[in-house]
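**Q** attaching a predicted model along with its sequence, questions to come.
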2 protein chains.
Amino acid sequence: MGMEEVELLQISPSDPRGSPGKEQQAAGVGILLQIMMLVLSFVLGHVLRRHRFYYLPEASASLLIGLIVGGLANISNTETNIRTWFNFHEEFFFLFLLPPIIFQSGFSLAPKPFFSNFGAIVTFAILGTLIASIVTGVLVYLGGLTYLMYRLPFVECLMFGALISATDPVTVLSIFQELGTDMNLYALVFGESVLNDAMAISLYRTMSLVKSHSSGQNLFVIIVRFLETFVGSLSAGVGVGFTSALLFKYAGLDIDNLQNLECCLFVLFPYFSYMLAEGLGLSGIVSILFTGIVMKHYTFSNLSDNSQRFVSAFFHLISSLAETFIFIYMGFDIAMEQHSWSHVGFIFFSILFIGVARAVNVFSCAYIVNLVRPEQRQIPLKHQKALWYSGLRGAMAFALALQSVHDLPEGHGQTIFTATTAIVVLTVLLIGGSTGTMLEALKVVGDGHDGPVGEVSFGNERLEGNNGYIAPSYDVDSDSSSGNRFKMKLKEFHKSTASFTALDRNYLTPFFTTQSGAEEGEQEELMPSSRRESYRGHQ
Amino acid sequence: MGMEEVELLQISPSDPRGSPGKEQQAAGVGILLQIMMLVLSFVLGHVLRRHRFYYLPEASASLLIGLIVGGLANISNTETNIRTWFNFHEEFFFLFLLPPIIFQSGFSLAPKPFFSNFGAIVTFAILGTLIASIVTGVLVYLGGLTYLMYRLPFVECLMFGALISATDPVTVLSIFQELGTDMNLYALVFGESVLNDAMAISLYRTMSLVKSHSSGQNLFVIIVRFLETFVGSLSAGVGVGFTSALLFKYAGLDIDNLQNLECCLFVLFPYFSYMLAEGLGLSGIVSILFTGIVMKHYTFSNLSDNSQRFVSAFFHLISSLAETFIFIYMGFDIAMEQHSWSHVGFIFFSILFIGVARAVNVFSCAYIVNLVRPEQRQIPLKHQKALWYSGLRGAMAFALALQSVHDLPEGHGQTIFTATTAIVVLTVLLIGGSTGTMLEALKVVGDGHDGPVGEVSFGNERLEGNNGYIAPSYDVDSDSSSGNRFKMKLKEFHKSTASFTALDRNYLTPFFTTQSGAEEGEQEELMPSSRRESYRGHQ
């Protein structure tokens, strides 16, 4: 390699931003502003939470700060630099902001309540998201046909339906934590919103492939493509997770003074999973999500106590920073764009349609789940309503919309991106601001919970026998005489989730961790805050 | 902003790497390889340390892994992709890799042994680095004049002298920690290598400014420029550090269940300092270094216990990852370059010259320090030799050389960059591999230390009265009768460092922290490993 080539390797020669010194200085100012906005968001979010002002949760506060700064930047238009300061590299988003958030959502998924509602969560996440995507896609297509909104081809409508079906738990769950809610409802909302990301991405990618090879695709090929993405990414993620569990089980890093080494390796695995899947042409996000679930369930317990506390706090920190940054950026982006009125119609009807689609999703899936559950474990209507209401959109929808700008030319991607950003901002502000009121109106808050703000402590004792429905007892045969064929099938599925729990307890946990399966569940708590609670209590 | 402009904001339009999907996939494979190399480095370093094989410290292992992978990539030249996978963005280096390393070096500086050797450290770092830079620059210039090596203009020789005078403590200090060495020697080596980075950067930037405005510069302007950079960056860093101390003192974040918020804010401050200085056209590195020192000394003690443990582990983790990555990259880079033989001469004589320059630096500064120190606190010759030997070059020299590629056109910057990378690789491999032997030959290891590998514990009791010279008692007036004028000046300076300690204890510590000044020193330990030790012991 000659000198010129070396230089090529060092600096992107097509860098359009002048001399590196000046450029670095400008980047410095931009990042400085971003850090100030981050600090402001954290402080504001904290103050609002302190004063129990639930109409403006942290995510909304970040969005508003972004909106205000973006608005100011838009007015003081003399200095066009401000825009370039916020030059948001898509690569940065996909490589550094999104992975920690998704990993953390898998990592903070507490196994026990998750598994005790596994059947319901999978139904909502897989079947429900499919329903919601198709309903949204069809409605948007019909809206286009009837000139209600900007007209998109059918496949693109389905892509939009898929990407907008990825719900974001952050705001609703933080309010759930503040106010205290039923354990099973929490598990449902959390589990569904975590897993539906994976489903939405896989659907989106499948549709995107259908779009790019539009000739001669039949339903069978589409299904195979979908399974390829979904199952492939899932397997990659689970495989990396299991590998890490075995490594930490046998490397013996939890003895000596090796906390730093242990943590370095632990922190690298999620990223490895993400990049492995991306390198294989699969979905890194789906992969890192399942790595998070597996690493929490198996690898985590092989760490030393100090490292356990450290990595929990580490991933929590990183994902908070990334999440806050994304919300700020979304607000900023909406404020900086010059809107055409055609977008407004699209946004308005989209919001209507996703509300309808989520209703179809939640109520039909709840009906199916209730068919199979015994009387005392039925999902009550107020939980269904809360679940419906909790469907605000966040970082994942934004990420997929960002992707669609490339995938769909002719401005269609741009329309979808603008609409998605607006939907995210609106749902976060409106739903986020009213969740507290809604939860109180539905009377699902505060039952059996008396802690002050920020001191939520859900012990395992609240898991069973709470609010009318209990953990599965797996004695589903008791009323199998009543069933038609469909119901039988569902019960078989229900049984299989039960047998998965048994498999986990009897084989996976002993094999992948240093502890025996029987006592494993005792060490897990539901919420991140309760994790921190035990952290504090530990000293 | 129209649609096209929005797209411009999202994606750099001059991106040369095809479609984003493909590009993302390629980036994925590249990062995957990098993660595997990181994991391999950590594991290999651990295994070598376990087996007490001091000839190949962790940094050398990382370099070698980079060299080997780079060599393999060079041989299997069919796939040119491998090179672009390792496309190393300079921005990434300056924004994400360097700041944590430099912050950590300031943050892990233990105040007590640092302040008790403050005069000596400042002498070595400020005066010594100036001497070393000038000697190296002059020798390289003379080497060019006499056709020994590639000829550079005098200002560029001084720039090279400045950048190559930034020493890197990581390898030597890790061996010091493993083997156990005298506390004061450790403090000297650590303190000098931390502060001389700041000096080297300031000198480099001053010379770079002189170079770009080459007309009508006199010595006075150069000195003013230098003071501007050095004092300005120092003030920015110290200012941000003090601000953070006051924020954490009065925000009351250490009470509730607010560990995550506390840590998020704490983590953002160093970055803020870096970007503030860069935005002001100063040196972010110098600024973040002093922010690290101030934040450790004042802000840190205002955190809750959990957060203290977390942020220590956090910065340690981040800087380990960044450092290992840089060493891997340097090895890789050297292996990938096609070397011209003109570089070889330059490299060979440069190494000779920097050895000479460091000898002039260390022995003359030690002479000055010994003039002022009382008999029992003289720096013994064996410590001077150890200090001389510890001058290997690392990330900082590499960073400045990377910068010089832009600052110096006509291939001069490229020559400096190649030479610096080679010097870093050679000094790390040679000096790093022989430090253990050297320390043993000089008989400065293991005194009073009996812990096994990785279990070094330097308590405060070792601080005083160790190895012949003790902490300063500030009774320097006792032999002031002997002095000539120069010696008097020095003693005044020595006194001023003593009065700084008093100022710190009586005013700064009570003002910026929640603890009273008197007990403050008791909580500090010298080495990161002892920090972790106390972390483990805490449960």
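**A** Thanks, I have the structure now. Numbering: from 1, shown residues only, chains lettered A, B, ... in the order given.
**Q** residue ranges in chain A under the pLDDT threshold?
**A** A:1-27, A:76-89, A:171, A:214-217, A:254-256, A:338-342, A:445-498, A:515-539 (pLDDT under 70).
**Q** residue nearest the centroid of it?
**A** residue A:194 (4.6 Å; CA atoms, centre = their mean).
**Q** host element of that one?
**A** Assigned by DSSP states H and E, residue A:194 belongs to helix A:183-212.
**Q** what are the buried residues along that helix?
**A** In terms of neighbour count (16 or more other CB atoms under 10 Å in any protein chain shown), helix A:183-212 has its buried residues at A:183-211. Any C-beta I mention is one placed from the backbone N, CA and C, and that applies to glycine too.
**Q** ok, stretch A:233-252 next?
**A** If you call a residue buried by 16+ other CB under 10 Å, then stretch A:233-252 has these buried ones: A:233-234, A:236-245, A:247-249, A:251.
**Q** and chain B, which of the buried residues of helix A:183-212 reach it?
**A** When CB under 8 Å from any CB of the partner chain is applied, no member of those is adjacent to chain B.
**Q** against chain B, how distant is residue A:403?
**A** Taking CB to the nearest CB, to the nearest Å as the measure, residue A:403 falls 8 Å from chain B.
**Q** relative to residue A:240, how far out is that residue?
**A** Counting by CB to CB, to the nearest Å, the gap from residue A:403 to residue A:240 is 23 Å.
**Q** ok, now residue A:173?
**A** 26 Å.
**Q** kindly report the same for residue A:146.
**A** For residue A:146 relative to residue A:240 (CB to CB), the value is 47 Å.
**Q** just residue A:180 next, same as before
**A** Residue A:180 sits 35 Å away from residue A:240, going by CB to CB.
**Q** helices of the stretch 351-500 of chain A, residue ranges please.
**A** For the stretch 351-500 of chain A, the helices defined by DSSP state H, counting those that start in this stretch occupy A:381-389, A:395-407, A:412-441, A:485-503.
**Q** and the shortest one, what other elements does it pack with?
**A** Packed against helix A:381-389, as judged by 3 or more CB pairs under 8 Å, 6 or more residues apart in numbering or on different chains; DSSP states H and E, are the following elements: helix A:183-212, helix A:341-372, helix A:412-441.
**Q** mind running it again at 6 Å?
**A** Using 3 or more CB pairs under 6 Å, 6 or more residues apart in numbering or on different chains; DSSP states H and E, the elements in contact with helix A:381-389 are helix A:341-372.
**Q** which parts of the helix it packs on are buried?
**A** Buried residues in helix A:341-372, counted by 16+ other CB under 10 Å: A:343, A:346-351, A:353-354, A:357-363, A:365-366, A:368-370, A:372.
**Q** please state the offset of that helix from the chain centre?
**A** 18 Å (CA atoms, centre = their mean, to the nearest Å).
**Q** count the neighbours of the residue in the stretch 201-350 of chain A that chain B sits nearest to for me.
**A** Nearest to chain B, among the residues of the stretch 201-350 of chain A, is residue A:278, at 3.1 Å (CB to the nearest CB). Neighbourhood size, residue A:278 [other CB atoms under 10 Å in any protein chain shown]: 28.
**Q** now the one 4 residues further on
**A** Burial of residue A:282, expressed as a neighbour count using other CB under 10 Å, amounts to 25.
**Q** three-state assignment of it?
**A** At residue A:282 the chain is in coil, as set by DSSP: H, G, I helix; E, B strand; the rest coil.
**Q** what about the helices in the stretch 151-300 of chain A?
**A** Secondary structure of the stretch 151-300 of chain A by DSSP H, counting those that start in this stretch: the helices cover A:154-164, A:170-179, A:183-212, A:219-250, A:259-279, A:284-297.
**Q** and for the fifth one, what are the contacting residues?
**A** Residues from elsewhere that reach helix A:259-279, judged by CB atoms under 6 Å, 6 or more residues apart in numbering or on different chains: A:99, A:103, A:233, A:236-237, A:240, A:244, A:253, A:284, A:287-288, A:291, A:306-307, A:310-311, B:25, B:28-29, B:31-32, B:35, B:38-39, B:42, B:46, B:316-317, B:320, B:532.
**Q** narrow these to those in strands?
**A** Counting by DSSP state E, those place none of their members in strands.
**Q** so how many other residues sit close to the closest residue to residue A:363 other than its chain neighbours?
**A** Distance criterion CB to CB, 6 or more residues apart in numbering or on different chains; nearest residue to residue A:363, sequence neighbours excluded, is residue A:384 at 6.1 Å. Neighbour count of residue A:384, defined by other CB under 10 Å: 21.
**Q** would you check that residue A:384 makes contact with residue A:366?
**A** Yes: in this structure, residue A:384 is within contact of residue A:366 by CB atoms under 6 Å, at 4.6 Å.
**Q** count of neighbours near residue A:514?
**A** When neighbours are defined as other CB under 10 Å, residue A:514 has 14 of them.
**Q** quick one: secondary structure of it?
**A** Put simply, residue A:514 is coil when judged by three-state DSSP.
**Q** separation between it and chain B?
**A** Noted for residue A:514: a distance of 18 Å to chain B, by CB to the nearest CB.
**Q** that residue contacts residue A:303, correct?
**A** No: counting by CB under 6 Å, residue A:514 stays clear of residue A:303, with 9.8 Å between them.
**Q** contact residues of the stretch 251-400 of chain A facing chain B?
**A** Contacts of the stretch 251-400 of chain A with chain B, taken as CB under 6 Å from any CB of the partner chain, map to A:256-257, A:259-261, A:263-265, A:268, A:271-272, A:275-276, A:278-279, A:281, A:310, A:313, A:316-317, A:320, A:337-338.
**Q** quick check on the residues you listed: which are buried?
**A** Neighbour-count burial (16+ other CB under 10 Å) applied to these gives A:256-257, A:259-261, A:263-265, A:268, A:271-272, A:275-276, A:278-279, A:281, A:310, A:313, A:316-317, A:320, A:337.
**Q** rewinding a little: and the helices of the stretch 151-300 of chain A: which comes nearest residue B:151?
**A** Closest approach to residue B:151 among the helices of the stretch 151-300 of chain A (CB to CB): helix A:259-279, 44.2 Å.
**Q** and that closest one, how far from the chain's centre?
**A** The chain centroid and the centroid of helix A:259-279 are separated by 19 Å, computed with CA atoms, centre = their mean.
**Q** what does stretch A:417-435 give?
**A** 15 Å.
**Q** repeat that for stretch A:381-394.
**A** Using CA atoms, centre = their mean, the offset of stretch A:381-394 from its chain centre is 15 Å.
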